[in-house]
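Enquirer: Only the shape, not the letters, is given here:
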């Protein structure tokens, strides 16, 4: 176990609870959302589905 693994687990836990990506980025004190997304296990298809729901439903 190392600090990186703890931060990654924390970020994924927050994401799993529905916390907004921008808030996760702030909590981890990242300089950008791109850095935060590297920590998360985000499935591309899941992102596409969520965007479709947001824009078309």
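Expert: Everything's here; your move. Here the structure is a predicted model, which is why all the values come from computation and not from measurement.

Enquirer: can you give me the helices for this protein?
Expert: Using DSSP state H, the helices assigned to the chain run over residues 3-16, 21-27, 33-39, 44-56.

Enquirer: Adding mean neighbour count, write those helices out as a markdown table.
Expert: The C-beta positions use only the backbone N, C-alpha and C, and glycine is treated the same way. Output for these, formatted as a markdown table (neighbours: other CB atoms under 10 Å):
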| stretch | mean neighbour count |
| --- | --- |
| helix 3-16 | 13 |
| helix 21-27 | 15 |
| helix 33-39 | 14 |
| helix 44-56 | 9 |
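
Enquirer: okay, these in JSON lines with mean pLDDT next?
Expert: Output for the helices of the chain, formatted as JSON lines (pLDDT from 0 to 100):
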{"stretch": "helix 3-16", "mean pLDDT": "89"}
{"stretch": "helix 21-27", "mean pLDDT": "91"}
{"stretch": "helix 33-39", "mean pLDDT": "83"}
{"stretch": "helix 44-56", "mean pLDDT": "80"}
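
Enquirer: Residue 30 contacts residue 38, correct?
Expert: No. With contacts counted by CB atoms under 8 Å, residue 30 stays clear of residue 38, the gap being 9.0 Å.

Enquirer: Report the set of residues contacting both of these two.
Expert: Listed as contacting both residue 30 and residue 38 by CB atoms under 8 Å, 6 or more residues apart in numbering is no residue at all.

Enquirer: just how off-centre is stretch 35-54 within its chain?
Expert: Distance, stretch centre to chain centre, for stretch 35-54: 8 Å (CA atoms, centre = their mean, to the nearest Å).

Enquirer: I meant stretch 11-31, not that one.
Expert: Centre-to-centre, stretch 11-31 and its host chain are 5 Å apart (CA atoms, centre = their mean).
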